[in-house]
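**Student:** build me a structure from this.
(chains A and B)
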2 protein chains.
Amino acid sequence: MSLGDIGKRILIGRKLRSAQLGETLLPKRIALPVFASDALSSVAYAPDEIFLTLAVAGLTAVAISWKVGIAVAVIMLVVVMSYRQNVHAYPSGGGDYEVANTNLGPTAGLTVASALLVDYVLTVAVSISSAAQYAASAIPALEGDQVWVASIAVIFLMTMNLRGVRESGTAFAIPTYLFMTTIITMIVVGFGRYLFGDLPQAESAQFEFAASETMAGAGALAMGFLVLRAFSSGCAALTGVEAISNGVPAFRKPKSRNAATTLALLGGIAVTMLMGVITLANLMHLRYAEHPESQLIGPDGQPLGTDYHQDPVIGQLAKGIFDHFSPGFYLVAATTGVILVLAANTAFNGFPVLGSILARDGYLPRQLHTRGDRLAFSNGIVILAGFAIVLIVSFDAEVTRLIQLYIVGVFVSFTISQLGMLRHWTRLLATERDGARRSQMQRSRVINAIGLTFTGVVLVIVLLTKFTHGAYIAIIAMGVLFLMMKGIRKHYETVGQEMAVDEDESLTLPSRVHAIVLVSKLHKPTLRALAFAKAARPYMLEAVTVDVDRDEAEALQLEWDRRNIPVPLKRLASPYREITRPILQYVRDIRRQSPRDVVMVYIPEYVVGHWWEHILHNQSALRLKGRLLFTPGVMVTSVPYQLVSSQVAEERQERQERVAGQVRRGSRNPPSGGK
Amino acid sequence: MSLGDIGKRILIGRKLRSAQLGETLLPKRIALPVFASDALSSVAYAPDEIFLTLAVAGLTAVAISWKVGIAVAVIMLVVVMSYRQNVHAYPSGGGDYEVANTNLGPTAGLTVASALLVDYVLTVAVSISSAAQYAASAIPALEGDQVWVASIAVIFLMTMNLRGVRESGTAFAIPTYLFMTTIITMIVVGFGRYLFGDLPQAESAQFEFAASETMAGAGALAMGFLVLRAFSSGCAALTGVEAISNGVPAFRKPKSRNAATTLALLGGIAVTMLMGVITLANLMHLRYAEHPESQLIGPDGQPLGTDYHQDPVIGQLAKGIFDHFSPGFYLVAATTGVILVLAANTAFNGFPVLGSILARDGYLPRQLHTRGDRLAFSNGIVILAGFAIVLIVSFDAEVTRLIQLYIVGVFVSFTISQLGMLRHWTRLLATERDGARRSQMQRSRVINAIGLTFTGVVLVIVLLTKFTHGAYIAIIAMGVLFLMMKGIRKHYETVGQEMAVDEDESLTLPSRVHAIVLVSKLHKPTLRALAFAKAARPYMLEAVTVDVDRDEAEALQLEWDRRNIPVPLKRLASPYREITRPILQYVRDIRRQSPRDVVMVYIPEYVVGHWWEHILHNQSALRLKGRLLFTPGVMVTSVPYQLVSSQVAEERQERQERVAGQVRRGSRNPPSGGK
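**Tutor:** Model (predicted):
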C-alpha cells in the first residue's frame, strides 16, 4: 500500500461491497441538509426576482410583494404535500422520470427527463451566478468579474466531483445548518427590532422609483401581467423540492415516512425563510430594481447612475439589521454563497445519476450506465459543467436573465409527475379492496389532483410571462434533448433486432483459419506475433509485408531468409505507396477464393506507457485495424509487445481503478434505484 | 465510376504512379513564380519596416533609407550567390537542414530544422497579416477587422491545402507574373514621370515628423542603433530565397544549372523591386511612421490623430504615380494581396515536407513520414495553420510587431547552412585531385565563406537590435522545438534498441493456446465470435461473462444451456460491479498456472458506420482491450460483426482513400528529396 493509497483511504474511507450499501443510509438530521440545499438556497435570489419585477411598476406594485410571496408559499406547500404522496408511492426513489414513465408511458417519461436534464444545467448556472453576485457584494474587488468567478467555481465543483466526493453528508450538514441558523437569526432579530421600534430603514429606502411612462399608461392588464411575472420568478423558490423524492433509498428505515417528514420540514423552513425575507424587506422599505442606475432616483431627484452597487435583498437586510454588528453581514453573505455552491453541487450528483438511469433505459449511450466505473460518471460531470459555463458566459452570469429560462423545466416535470401520480392512484384503486387503504389512496389522489392543478396553472403562467424572455431557449433545449434521446433509443432497438439470435440458430463454424501476420520490420514484436500465430496452429500461416519502399522490402526479405524464419514472407506490391489498401485487397482475395474460411490478421503492436508515446507509435496499425473490421469474415488479433515504459503506466492504472472503484462503491445514491 | 469521381478526376487530374513523377518537373518559367512568391512578396512590407524604424529619428534619418536599402540589396546578392553554390552541391534539394545535418552533424541540423519550422509559421503570420493590411487599404470597411480577415484567410489556405492543391504551378505563375509586371510598371512609370518632372508628391509628403525629444538627446550611438534596426527589418526581404535550393529536384534537367539561373533571376528581380520602391518613396517625399497619429504632424502643426489611415508604402506610391489612373492603385493592392497569400501558401507546402523529412530521421512522429497517406500531410497543415492563427491573434495582425520575431530563424538557418557549405567544400578538397575542379571548389568555398560572414553579421545585428522587441519569443520557440525533437529521437532509439532482435534469436513458441470468448449477451456477434474461436481449434476454449448483475447473468446461463451451446460458460464474480478487473485477474490466473501458454481473448465487436454510433457502442470492450494489451502473454482478437450501417461507411471510406491517394501521388514535391 503506497503512501498515496493510505492518503486516499483516509480521505475517502474504506471500500464497500454491494452488500454493505446499507451502512451509508442517512438519518433525517443529515438527509435534510443533503437534500435541502437546492430548495433553501433559492431564498437567496427568489425574493430579489419578485422585487425587481414589481419595481417596473413602481412603488404601489412593490407594496403587494408580500401577496406574491404568499402565493409562492401556497404553491410551495401544495407541491410539498403532493411530493409526500410520491415518496410513499415510490419508496424506491423513482423520481419524476420513473413516475411519468411508469404511469404515462415513455413519451411522458422522456419529456420529464429532458426537462430535468436542462434543469440541472440551469441549477448550476443560476446558483453559481447568484453565489458570484454575493461574493461581489462582500468583496467589492470582484465586482465586474462575476463571469470569471462563476466559471472558476463551476470548474472547481467539476474537479471536486471528478475526484469523487464522499461522506458529503456531514460536509453538507454543517454549512446548510449554518445558513438556516444565520438567516432565521437575522429574521428573528429583524422582527425583534421591529417590535421594539428599533428596525432601521434599508440603505436603499432613501431612493424612489423612477416613474415609468410605459407602465403609467398601460393600466390594470399590464399590471396584472407584471404581478404574474413576479410570481413566476418567485416560483424559483420551489426548485429542488423534488430532490428528496429521488433520494428515498438513501434514508434510514422507515424510508418513506422519514423522507416524508423531512420533506415537510423542508417546506416549512423554506416558506418561513421566504416570507420572513419578503416581510422584512417591506418593513425596511427596501428598493430593488433590475437596472438601479436608471430605475432608482436618489434623494437629489437624479437617477443613481452606474456608480451605485446594488446588494442582493438578503445582503441589504443583513446590512440594516446587523448595522451595529458588521460580522453579521459577512456571515450572511458567506453562508449564502456556500449554500448556493452546495445547491449547484446537488446538480452534480443528480445529473450523472439521471443519466445513468436514462442509459439503462437505452436513451443515452450505454456506457453512462456501467456502475463501479469512474468514466460513467465523469462524462456526465464534465458535460454538466460545460453547458453550465456556456450559459454563465452567454448570460453574463446575470441571475435575472438566467432565471427566465430556469423554472419552465421544473414545472414541466412537476406537472407531468403529478399527472402520473393521479394515474397511479386511479390504477391502484381499480384493484384495491381494503377500505382503509382505499380511503387513504383517495385522499392521496385528491392531494395529487390539487398539486396537478396548481403546478399546471403555474406552468401556464410561467410560459405566458416568460416565453419571450428566454424560456423559449429552455424549451428548444428540451426538444433537442428529447429528439436525441428518442433517436438513441431507436438506434439501440434497431441494432438489437439486427443482432437478435433466431430461435433455431446455432454456431456455424467456418471451415478453416487462414492466418496472416503483418510485418513491417523484423524486430521482437514481429517475432512474438509470428510465434503466437504459429502456436495457434492455423490451417495456413504466412507473413505479409507491403512493398512501399523497394530497398527496405529487399532488406527485410534478405534478413528473413538469413534467419530461416519458418513462415513464408509474402510481399504485396503497392505502386501508390499505400499500406492499407493492398492488405485489404489481399484479405478480400483470400475470402473470395475460399468464402467458407475465416481470415485471422495478426498485428504486432507496441504497448507504451505515456499518452505522448501513443502519438509516436502504432498509428498505421490502428488505422488498418479500423478498416479490416469492416471486412466480413475477418478477425483482427493484436499481439502486444510491452515496452518497459508500459509497466509504469499499468501500475498507475491499477491504482487509479482501485480508487475509482472505492469512490463509486461508496456513492450515496445508487444510480438505478432499488434495482 | 461515380459522378463525384469524374468531377474529382477533372479537378485533380489523372492519378500518377511512382514512375510517372518525372512528368511533373517544372520549366524555369514556371519554377520562378512557384518558388519566388515568398521572396518577392516581402517587397510589400520590407520597405515599410525600414521607413517606420527610421522615422523614429526624424527626417534626416529617413533620407538615408536608400543606403539601408543598398545594404539589404548587397546582402541579398551575397545570399543568392551563396545559395547558387548550395544548388550545385546538393542537386537532391537537400535544403538547409540536409546541408547542416550532413556537414555539421545532427545538432546543427536540428537547430536549422527548429529555426525553419518556426519560420514557416511566421511566414504565414506575416504574409497574411500584411495581405490583410492591403485589403483594408483597398476596402476601407475592413479597417479594424484585420485580425478576422487574416484568420479567415489562414483557415481558407488550410482548407485548400487539406483538399490537396495540385497543378499549382500554372495557378501560381499568373498572379506572380502579374505582380512583377504591376510593380515594375509602377516603378518605370514613376521614374519616367520623374524624368519629365511630372512625378507628384506622395499624399503624406505634406506631413512633418514630430520632433522626438528622446532621439534628439541620444546622439550618434542611438542613431546608429536605429539604422541597424531598420536594416534588420529590411532584411525581411531575404526570406524565401532558400526556397529554390529546397526545390531543385522539381526542376527540368539540367536541374542544378536551371535552379541556379532561376535563383539569379529571382535575386535580380527582388533587388530591382526593393531599390525601386525605396528610391521612389524618397523622390516622392513619402512619410511613413509606426504610430502616424502621434509621430506625424499635419500642415496645421497638430499631430494627425487617429482619423488618419496610413496606406502601406507601395499603396501610397501607386496612389501618387497612378493619380490619373485609379485602377492602377487597385491593381497594385490586389496583386500584392494575392502574392502575399501565395507566399503564405509556400509555407503550407514547405512545412509538411520538412516535417516528413524530420519524421524520416526520427525527430517527429513517424506517421508524418508515410507517403501516399493524406493524414501525414493533413496534420502538418493543421498544426501550421493553428500556430499561425495564434500569432496573428496575439499580435493583432500587426506586421510591424510580427516582423520582430521573423528573421531570426531565417538567418540562423542561412548562417548554419553557409558554415555547412564551407565544411562541404573543405571535405571535398581533401580528396579532389583534378585541378580545374579544385579551383572551382575553392571559388565556391570563398563565396560561401563570404556568405557566412555576411549572414553571420546580419544574424548578430538582428539579435542585438530585435531581441527584446520579440525575437526572444522566436528563440524560445526554437529551443522548445529543438528539445522536443531531440526527445522524440531519443525515444525512438530507446524503443528500437529494446525491440532489436538478437543475432541468434528465433521463434520461441508458446506451448498451447488457451482461448476465452468474452460474452455479455447472447446475440449474433457473440455467436460469431464463438464460432470463429472454435474454428481456430485452441487447446482450451471457454466463454467468460462477468456477474455484474445477478439476474442478467442467471438469464444468460439459462439461455446458454437451453441452446446447448457447445462451449462452457464461465461466470466471474464481481462484488464491486466492475468489468475489467475480474477479467484481467482471470487472465493472469491462467498465465500463472501455465506460464508457457498464451491466452487468446476474443472480443465480439459491432462495426457501425457513423461516428456517433461509435459513442453508443463498444466502449467497455475498447477499454478492456486497452488494459489486456498491458498483460504479457495475451493476444486480443476483435471479432467484428458488421451492422448494416457499416456498409455505407465502408464505401465512403473507399472513395475518400482513392481520392486522397490521387492527390498525394500528384504532389509536385516528393517529401524525401531524391530518395
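**Student:** what's the domain layout of chain A?
**Tutor:** Domain assignment for chain A, taken from automatic domain parsing, gives A:32-492, A:513-642.
**Student:** so which of those is the most surrounded?
**Tutor:** Burial of the domains of chain A is given as mean neighbour count (mean count of other C-beta atoms under 10 Å in any protein chain shown); domain A:32-492 ranks first at a mean of 20. All C-beta atoms are positioned from the backbone trio N, CA, C, and that covers glycine.
**Student:** distance from that domain to the middle of the chain?
**Tutor:** On the basis of C-alpha atoms, centre = their mean, to the nearest Å, domain A:32-492 sits 15 Å off its chain's mean C-alpha point.
**Student:** what segments of the stretch 151-300 of chain A are strands?
**Tutor:** Per DSSP state E, counting those that start in this stretch, the stretch 151-300 of chain A carries strands over the ranges A:208-209, A:296-297.
**Student:** note down every partner strand of the first one and its orientation.
**Tutor:** Strand A:208-209 has its sheet partners listed here by DSSP bridges as strand A:296-297 (antiparallel).
**Student:** reformat the strands of the stretch 151-300 of chain A as a markdown table; add distance to residue B:246.
**Tutor:** Shown next, in a markdown table, are the strands of the stretch 151-300 of chain A (distance: least, C-beta to C-beta, whole Å):
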| stretch | distance to residue B:246 |
| --- | --- |
| strand A:208-209 | 75 |
| strand A:296-297 | 70 |
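**Student:** do you know which of the ones you listed lies nearest residue A:147?
**Tutor:** Closest to residue A:147 of the strands of the stretch 151-300 of chain A, according to C-beta to C-beta: strand A:296-297, at 24.3 Å.
**Student:** where does pLDDT dip in the stretch 501-650 of chain A?
**Tutor:** A:611, A:614-615, A:618-619, A:649 (pLDDT under 70).
**Student:** got the residue ranges for the helices in it?
**Tutor:** For the stretch 501-650 of chain A, the helices defined by DSSP state H, counting those that start in this stretch occupy A:524-535, A:550-562, A:580-593, A:611-616, A:619-628, A:644-665.
**Student:** what is the first one packed up against?
**Tutor:** Meaning helix A:524-535. strand A:513-518, strand A:540-547, strand A:598-607, strand A:634-642, helix B:471-499 (3 or more C-beta pairs under 8 Å, 6 or more residues apart in numbering or on different chains; DSSP states H and E).
**Student:** repeat that for 10 Å
**Tutor:** Other helices and strands packing on helix A:524-535, by 3 or more C-beta pairs under 10 Å, 6 or more residues apart in numbering or on different chains; DSSP states H and E, are strand A:513-518, strand A:540-547, strand A:598-607, strand A:634-642, helix B:471-499, strand B:513-518, strand B:598-607, strand B:634-642.
**Student:** could you dump these to a markdown table with distance to residue B:625?
**Tutor:** A markdown table is the format used below for the helices and strands packed on helix A:524-535 (distance: least, C-beta to C-beta, whole Å):
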| stretch | distance to residue B:625 |
| --- | --- |
| strand A:513-518 | 18 |
| strand A:540-547 | 23 |
| strand A:598-607 | 11 |
| strand A:634-642 | 7 |
| helix B:471-499 | 21 |
| strand B:513-518 | 10 |
| strand B:598-607 | 6 |
| strand B:634-642 | 5 |
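**Student:** I figured residue A:597 hits residue A:516, correct?
**Tutor:** No - at 11.7 Å, residue A:597 and residue A:516 do not qualify as touching, with contact defined as C-beta atoms under 10 Å.
**Student:** overlap of the contact sets of those two?
**Tutor:** Here residue A:597 and residue A:516 have A:538, A:540, A:590 as joint contacts, going by C-beta atoms under 10 Å, 6 or more residues apart in numbering or on different chains.
**Student:** show me the subset of these that also lies near chain B.
**Tutor:** The subset of the shared contacts of residue A:597 and residue A:516 within reach of chain B, by C-beta under 10 Å from any C-beta of the partner chain, is residue A:538.
**Student:** looking at the shared contacts of residue A:597 and residue A:516, which is nearest residue B:576?
**Tutor:** Nearest to residue B:576 among the shared contacts of residue A:597 and residue A:516: residue A:538, at 38.4 Å, using C-beta to C-beta.
**Student:** so what does that closest one have for phi and psi?
**Tutor:** Phi and psi for residue A:538, reported as degrees, to the nearest 10, are phi -70, psi 160.
**Student:** so the closest residue in space to it that isn't next to it in sequence versus residue A:522, what's the distance?
**Tutor:** Closest residue to residue A:538 apart from its sequence neighbours, by C-beta to C-beta, 6 or more residues apart in numbering or on different chains: residue A:515 at 3.7 Å. Between residue A:515 and residue A:522 the distance is 18 Å, computed by C-beta to C-beta, to the nearest Å.
**Student:** try residue A:605
**Tutor:** Distance of residue A:605 to residue A:522, given as C-beta to C-beta: 16 Å.
**Student:** show the contacting residues for the residue nearest to residue A:538.
**Tutor:** A:533-534, A:536-543, A:567, A:598-602, A:635, A:637, B:536.
**Student:** what do you get for residue A:383?
**Tutor:** A:117, A:121, A:158, A:351, A:352, A:355, A:368.
**Student:** wait, residue A:116 touches residue A:384, no?
**Tutor:** No - the pair residue A:116 / residue A:384 is not scored as a contact, 11.9 Å apart, by C-beta under 10 Å.
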